[in-house]
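1. generate coordinates for the sequence data below:
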Amino acid sequence: MALLTVQNISLTGLTPTFTAADSLGDEFPNDGNAFLVVKNDGASDITVTIDSQKPCSYGYDHDVTVTVPAGSEKWIGPFPQNRFNDTNGRVQVSYSDVTSVTVAVVEVE
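-> Numbering: from 1, shown residues only. A predicted model of the protein is given here:
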C-alpha cells in the first residue's frame, strides 16, 4: 500500500502531480478537507473503494464505491474524519484495476 502526499491548492494555483495507483491500494493523511482525484486512462471502467472505518450517520458501516469510466477523471471527497480515518489518521483506498490509472490527493490550503 502506497502513502500518497496531500498537495495544497493555494491562491497561486496548483498543477497536481499524479502517481500510478498501487495494485495493493493507497492511503493518505486526512484532515477532513482532502479530495482523491482519480484519472482512468484505461479502456474499461474501474471501481474505486474507500474503506469506511466506522458507521455512517445512519448507523451502517459501508464502504463507498465510485465508478470512474474509461477515459475520464473523478474527484472524490471530502472524507469525514470520524468515518473514514483509520487509527493513523489515514484514508484507505483500493481499485478494481490499476492499469493506466493515476491518482492525486488535493486539499485547500
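2. use CA for all of it now, contacts and neighbours both
-> Will do.
3. what residues are up against the residue most central in space within the chain?
-> In the chain, the residue lying closest to the centroid (Cα atoms, centre = their mean) is L36, at 3.4 Å. For L36, the contact set (Cα atoms under 8 Å, 6 or more residues apart in numbering) comprises 75-77, 103-106.
4. can I get these in CSV with pLDDT and neighbour count?
-> Below are the contacts of L36 laid out as CSV (pLDDT from 0 to 100; neighbours: other Cα atoms under 10 Å):
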residue, pLDDT, neighbour count
W75, 97, 16
I76, 98, 17
G77, 97, 16
V103, 98, 23
A104, 98, 21
V105, 98, 25
V106, 98, 22
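5. most widely separated two among the residues you listed?
-> G77 and V103 (13.2 Å; Cα to Cα).
6. excluding chain neighbours, what is closest to T102?
-> A20 (4.3 Å; Cα to Cα, 6 or more residues apart in numbering).
7. just checking, what's the longest strand in this structure?
-> strand 101-108 (DSSP state E).
8. ok, the residue nearest to T102 touching V101?
-> Yes. Between A20 and V101 there is a contact at 6.0 Å, judged by Cα atoms under 8 Å.
9. and the two? which has more neighbours close in?
-> Between A20 and V101, counting by other Cα atoms under 10 Å, V101 is the more crowded of the two (22 against 16).
10. partner residues bridging I46?
-> V68 (DSSP bridges).
11. mind listing what S100 touches?
-> Counted by Cα under 8 Å, 6+ apart, S100 has contacts 20, 40-42.
12. and V105, by the same measure?
-> 4-7, 28, 34-37.
13. tell me which residue of this protein is furthest from the middle?
-> Here the chain reaches farthest from its C-alpha mean at T12, the gap being 23.8 Å by Cα atoms, centre = their mean.
14. what's the pLDDT at that residue?
-> Confidence at T12, expressed as pLDDT, is 91.
15. give me the three-state assignment for it.
-> coil (DSSP: H, G, I helix; E, B strand; the rest coil).
16. okay, it and V108: tell me how far apart.
-> Remark: distance between T12 and V108 (Cα to Cα, to the nearest Å) = 12 Å.
17. how about V38?
-> On the measure of Cα to Cα, V38 and V108 end up 17 Å apart.
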